[in-house]
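1. here you go, sequence then predicted model.
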Amino acid sequence: MRIVTWNVNSVRLRLPLLEKLTAQKAPDVICLQETKVVDDTFPKTDIEAMGYKHIEIRGMKSYNGVAVLSRLPLTRLEDHAFCGRDDCRHLGVTVDGIDLHCLYVPAGGDEPNPDTNDKFAHKLQFIDEMAHWSAQTRKQGRSAIVTGDFNVAPLEADVWSHKQLLKVVSHTPIEVEKFDRAQAAGQWTDAVRRFVPAEEKLYSWWSYRAKDWAAADRGRRLDHVWASPDLEGRLSGASILRDARGWERPSDHVPVIVDID
DNA sequence: ATGGTAGTTTCACTA
């Protein structure tokens, strides 16, 4: 089974790219974040025409929004409202015996100070809650995957310059500590790093603001796939579709691909 | 320290 996670930054605008992704990589299941569309106007018909007949969505106007598109039947799990907010950042399904959770962690604003920046405080609280939620979820003893835009680049090689990003939201020590705790709380395996050495530079996001994103290559790995321990031995491959950042009218994030036997 | 781009039923906010 091939699973893809992708922050599309507007699903309606990115339909031609979704078409390209599905034609090129033939994923079985696609987790989307930042769909930016209410459920009534989600482009279901277009996506069904690409072969994804099973669609679960949770969207709102303008911001956030998650979706799971699948060739295989889905059973919807209970939505979780992180930080008590109904802001469409989580959607869970069961697919082929695996619980799959699609997550969009708050970006956290610019200033990495929770006392002066409410958005950063929200992000820290959200990641703390991910630890509790992970422990609870894993207690059920089911095979599980948590994936999405986690908005944290935990490793030094997950950013273009560890030193220059220490005070930049997404790579600050406090975020990375909490991120590590959440991962440990669920005994989650980093499915992509299982196939790419921790020292090797690896990014899934490049800012729109760079003059030449590819030449500067100032990326960060913000998108992740975590697997429960029982699935570790069944992971058969992973890759990040860097090319997609160069497609026409791209998202600033690219698809992350994981294969499971 | 600044400003750079993209998306949204937009003229402000989020990323």
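-> In hand now; what should we look at? Numbering: from 1, shown residues only, chains lettered A, B, ... in the order given.
2. which stretches in the stretch 51-200 of chain A count as helices?
-> Taking DSSP state H, counting those that start in this stretch, the helices of the stretch 51-200 of chain A run over residues A:118-139, A:173-185.
3. give me the residue from chain A nearest DNA strand B.
-> residue A:10 (3.0 Å; CB to the nearest atom of the strand). In short, each C-beta sits where N, CA and C put it, glycine included.
4. give me the nearest residue to that residue, chain neighbours excluded.
-> Spatially, and ignoring its direct neighbours in sequence, residue A:10 is nearest to residue A:36 (4.7 Å; CB to CB, 6 or more residues apart in numbering).
5. check for me that the one you found belongs to a strand.
-> No: using DSSP: H, G, I helix; E, B strand; the rest coil, the assignment for residue A:36 is coil, not a strand.
6. how deep is it tucked in, by neighbour count?
-> For residue A:36, the count of nearby residues is 20 (other CB atoms under 10 Å).
7. list the contacts of it.
-> Contact partners of residue A:36, counting by CB atoms under 8 Å, 6 or more residues apart in numbering, are A:9-12, A:59, A:62-65.
8. quick one, phi psi at it?
-> phi 60, psi 40 (degrees, to the nearest 10).
9. still on that earlier bit, now tabulate the helices of the stretch 51-200 of chain A in CSV and tack on mean pLDDT, distance to DNA strand B and mean neighbour count.
-> Output for the helices of the stretch 51-200 of chain A, formatted as CSV (pLDDT from 0 to 100; distance: least, CB to the nearest atom of the strand, whole Å; neighbours: other CB atoms under 10 Å):
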stretch, mean pLDDT, distance to DNA strand B, mean neighbour count
helix A:118-139, 97, 5, 18
helix A:173-185, 98, 14, 17
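10. in stretch A:3-18, what's buried?
-> Of all the residues in stretch A:3-18, those buried under the rule 16 or more other CB atoms under 10 Å are A:3-9, A:11, A:14, A:17-18.
11. tell me how many other residues surround residue A:110.
-> For residue A:110, the count of nearby residues is 11 (other CB under 10 Å).
12. once you drop chain neighbours, what's closest to it?
-> Residue nearest to residue A:110 in three dimensions, not counting chain neighbours: residue A:169, with 6.4 Å by CB to CB, 6+ apart.
13. before we move on, the earlier item: determine which two of the buried residues of stretch A:3-18 are furthest apart.
-> Farthest-apart pair in the buried residues of stretch A:3-18 is A:3 and A:9; separation 19.8 Å (CB to CB).
14. check which helix or strand residue A:203 maps to.
-> Per DSSP states H and E, residue A:203 falls between elements, in no helix or strand.
15. before I go, just wanted to say thanks for your time.
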